[in-house]
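Peer 1: no letters, just coordinates:
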Ligand code: NAD
């Protein structure tokens with residue numbers, strides 16, 4: 001058999017497997033065989049959405065919230081089963097967070113000026129149909145959160161889900177469409193194609209009826225969107241450092257860091273990916289991590305074995321992403337206690353497992369001379385993504401200096417990283433953090449465009 005024939009056979013096998021999988025869930029509402037139809041149906045639905053009152057939009061959003069809560073466990077289990085990543089309990093919490101703290105229409109406010117020359121308003125209107133490319137790490141969370149935000153702004157959305165999370169993403173797309181119908185809205189407020197591929201993504205990105213693209217994923221997809229010539233919101237990768245200095249509460253820092261880093265097995269983009277510990281407290285921090293937080297410290301030899309398994313040709317081995325610490329240890333042949341939450345190790349800032357965005361409960365600790373040294377290393381390790389960074393310190397001047405130097409969309413001080421997503425903290429939730437293009441934590445107003453409306457010389461009643 002020639003290489004070409006083999007390639008065709010492999011592709012056919014892959015497509016059939018995907019079709020078989022999607023037919024098991026009956027594909028669901030909003031799923032079409034081709035991109036052209038998906039966009040056309042989303043466009044028709046958007047015309048109806050634009051005609052809904054704000055009250056009707058809010059009613060539908062409240063049904064999406066209720067259905068998300070009712071289906072949180074199903075979605076959590078489905079995602080772990082389909083992608084092999086993450087933790088069911090934490091994924092349930094993530095869905096509850098999306099249901100309860102994603103902003104709705106209240107986020108879209110009007111600005112007004114009134115005076116002798118009348119009244120001027122700036123109102124936020126819909127773009128129309130938005131294209132949204134979503135990751136396998138938070139598949140249904142991103143679909144639901146983005147749908148609420150985009151729909152609140154009067155848009156509909158065509159999703160390009162990660163091929164490794166189709167079933168979960170389709171379930172979420174079906175859920176939001178069911179909610180719209182139940183609330184008296186149209187079907188197809190969210191759409192996708194049966195077999196999403198790079199080709200269908202490119203088709204979406206080039207389509208004249210797509211007014212805005214939101215890309216949530218690694219550097220590749222954000223670059224592709226920014227090169228597309230369309231308006232793009234780029235929510236890309238991070239490698240969040242966490243700095244611990246000698247003024248911090250070290251016991252609490254250890255607890256917060258391990259709670260953050262093990263949340264959903266470290267796949268959220270905001271979670272602690274490496275620690276910069278000031279030398280004078282490094283030993284104490286390690287002590288609390290090991291003795292109180294269920295961490296296992298790897299020897300140099302165990303580190304080498306781990307590198308051999310989790311990195312393949314310098315790239316993350318997908319089979320290791322989002323796995324439990326114990327499963328990873330078993331894959332490498334390291335014996336660790338069953339209740340191990342995180343594999344920790346010491347290394348310098350050039351260590352391959354420290355430089356890489358490790359989306360798994362593996363955490364490198366870099367000993368630093370002092371705060372200045374730790375700050376320099378944190379800037380280096382964040383790689384200029386300007387996504388997220390965290391710090392444990394009681395010195396306000398240092399915290400300020402760190403925040404300015406890192407210049408990230410999210411900066412958590414003295415808490416676990418997931419508080420940056422609104423989990424257990426003040427502020428709203430999102431799973432699309434547009435660090436690369438500067439919108440920061442996206443919300444409904446991110447998905448609207450400004451329109452100025454002027455009434456000359458009247459309607460001022462001051
Ligand atoms: P990924 O980049 O592999 O895939 C993300 C999406 O982009 C998928 O739908 C994929 O099919 C698509 N894609 C990838 N390359 C593309 C290209 N060249 N053209 C068109 N589409 C393309 O990421 P993943 O593994 O699913 O998710 C993990 C990554 O996403 C991590 O780097 C994480 O930090 C990042 N992430 C960022 C945010 C954020 O809000 N900033 C949120 C979640 C995940």
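Peer 2: Everything's here; your move. These figures come from a predicted structure and were not determined experimentally.
Peer 1: residue ranges of the strands in the stretch 101-250 of the chain, please?
Peer 2: 111-115, 118-126, 129-133, 156-160, 190-193, 210-216, 232-235, 241-244 (DSSP state E, counting those that start in this stretch).
Peer 1: the longest one packs against which elements?
Peer 2: What it means is strand 118-126. Helices and strands touching strand 118-126, as assessed by 3 or more CB pairs under 8 Å, 6 or more residues apart in numbering; DSSP states H and E, comprise helix 35-50, strand 111-115, strand 448-456. Every C-beta, even on glycine, is put in place using the N, C-alpha and C of the backbone.
Peer 1: centre-most residue in the chain?
Peer 2: residue 431 (3.9 Å; CA atoms, centre = their mean).
Peer 1: spit out the contact partners of that one.
Peer 2: Contacts for residue 431 (CB atoms under 8 Å, 6 or more residues apart in numbering) come out as 94, 98, 138, 141, 142, 145, 146, 216, 421.
Peer 1: circling back to that earlier point, deepest of the helices and strands packed on strand 118-126, which one?
Peer 2: Looking across the helices and strands packed on strand 118-126 with neighbours counted as mean count of other CB atoms under 10 Å, the highest average goes to helix 35-50: a mean of 20.
Peer 1: downstream of the lowest-mean-pLDDT helix or strand in the chain, the next helix or strand is which one?
Peer 2: For the chain, counting by mean pLDDT, DSSP states H and E, helix 3-24 ranks last in confidence among helices and strands (a mean of 48). Next helix or strand after helix 3-24 toward the C-terminus (DSSP states H and E): strand 31-32.
Peer 1: now do that following strand: distance to the chain's middle.
Peer 2: 24 Å (CA atoms, centre = their mean, to the nearest Å).
Peer 1: residue 63 touches residue 182, doesn't it?
Peer 2: Yes: contact criterion CB atoms under 8 Å: residue 63 and residue 182 qualify, at 5.3 Å.
Peer 1: more neighbours: the two, which one.
Peer 2: Between residue 63 and residue 182, counted using other CB atoms under 10 Å, the more crowded position is residue 63 (19 against 14).
Peer 1: check contacts around the closest residue to the ligand within the stretch 151-300 of the chain.
Peer 2: Nearest residue of the stretch 151-300 of the chain to the ligand: residue 217, at 2.4 Å (CB to the nearest ligand atom). With contact set as CB under 8 Å, 6+ apart, residue 217 has these partners: 133, 134, 135, 162, 235, 236, 237.
Peer 1: restricted to helices, list the contacts of residue 431.
Peer 2: 94, 98, 141, 142, 145, 146 (DSSP state H).
Peer 1: state the pair within these that is farthest apart.
Peer 2: 94 and 146 (14.0 Å; CB to CB).
Peer 1: how about the nearest residue to residue 69, chain neighbours excluded?
Peer 2: Excluding the flanking residues, the one nearest residue 69 by CB to CB, 6 or more residues apart in numbering is residue 99, at 4.8 Å.
Peer 1: you'd agree that neighbour is up against residue 65?
Peer 2: Yes: Residue 99 sits in contact with residue 65 when judged by CB under 8 Å, with a separation of 4.4 Å.
Peer 1: neighbour-wise, which of these two wins?
Peer 2: Taking neighbours as other CB under 10 Å, residue 99 and residue 65 compare with residue 99 leading, 23 against 20.
Peer 1: circling back to that earlier point, Serialize the helices and strands packed on strand 118-126 to JSON lines and add fields for distance to residue 129 and mean pLDDT.
Peer 2: Compiled in JSON lines, the helices and strands packed on strand 118-126 are given as follows (distance: least, CB to CB, whole Å; pLDDT from 0 to 100):
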{"stretch": "helix 35-50", "distance to residue 129": "5", "mean pLDDT": "98"}
{"stretch": "strand 111-115", "distance to residue 129": "26", "mean pLDDT": "97"}
{"stretch": "strand 448-456", "distance to residue 129": "13", "mean pLDDT": "97"}
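Peer 1: which of the ones you listed sits closest to the ligand?
Peer 2: It's helix 35-50; of these, that one is closest to the ligand (CB to the nearest ligand atom) at 12.7 Å.
Peer 1: how about the closest one, does it reach the ligand?
Peer 2: No: interface with the ligand: helix 35-50 contributes nothing (CB under 6 Å from any ligand atom), its closest point being 12.7 Å away.
Peer 1: residue contacts, residue 454?
Peer 2: Residue 454 neighbours (CB under 8 Å, 6+ apart): 118, 119, 120, 121.
Peer 1: ok, those vs the ligand, which is closest?
Peer 2: Using CB to the nearest ligand atom, the contacts of residue 454 come closest to the ligand at residue 121, 31.6 Å.
Peer 1: in space, what's closest to residue 282 - neighbours in sequence excluded?
Peer 2: The spatial neighbour of residue 282 that comes closest, neighbours along the chain excluded (CB to CB, 6+ apart), is residue 367 at 4.8 Å.
Peer 1: helix/strand/coil for that neighbour?
Peer 2: strand (DSSP: H, G, I helix; E, B strand; the rest coil).
Peer 1: distance check, it against the ligand.
Peer 2: 26 Å (CB to the nearest ligand atom, to the nearest Å).
Peer 1: that residue pairs with what?
Peer 2: residue 277 (DSSP bridges).
Peer 1: and it, what pLDDT?
Peer 2: Here the pLDDT value assigned to residue 367 is 98.
Peer 1: please apply the same query to residue 312.
Peer 2: pLDDT at residue 312 comes out at 88.
Peer 1: what residues are bridge-paired with it?
Peer 2: With DSSP bridges as the rule, residue 312 is bridged to residue 315.
Peer 1: over to residue 32?
Peer 2: Bridge pairing for residue 32 - DSSP bridges - gives residue 193.
Peer 1: wait, doesn't it sit right on residue 194?
Peer 2: Yes: with contact defined as CB under 8 Å, residue 32 and residue 194 form a contacting pair (7.1 Å).
Peer 1: just to revisit the earlier point, out of the strands of the stretch 101-250 of the chain, nearest to residue 48?
Peer 2: Closest among the strands of the stretch 101-250 of the chain, using CB to CB: strand 156-160, at 8.9 Å.
Peer 1: need the contact list for residue 438.
Peer 2: Contacts of residue 438 by CB under 8 Å, 6+ apart: none found.
Peer 1: quick one: it from residue 232, how far?
Peer 2: The spacing between residue 438 and residue 232, counted by CB to CB, to the nearest Å, is 12 Å.
Peer 1: what does residue 160 give?
Peer 2: For residue 160 relative to residue 232 (CB to CB), the value is 13 Å.
Peer 1: out of these two, which sits in the busier spot?
Peer 2: Applying other CB under 10 Å to residue 160 and residue 232 shows that residue 160 carries more neighbours, namely 27 against 24.
Peer 1: near the ligand, which residues of the chain show up?
Peer 2: 133-138, 160-163, 198, 201, 216-218, 220-221, 224, 235-238, 269, 357, 431-433, 435.
Peer 1: show me just the buried residues among these.
Peer 2: 133-138, 160-162, 201, 216-218, 221, 224, 235-238, 269, 357, 431-433, 435 (16 or more other CB atoms under 10 Å).
Peer 1: return the subset of these lying in helices.
Peer 2: Using DSSP H, these in helices are 201, 221, 224.
Peer 1: what bridges to residue 214?
Peer 2: residue 132, residue 233.
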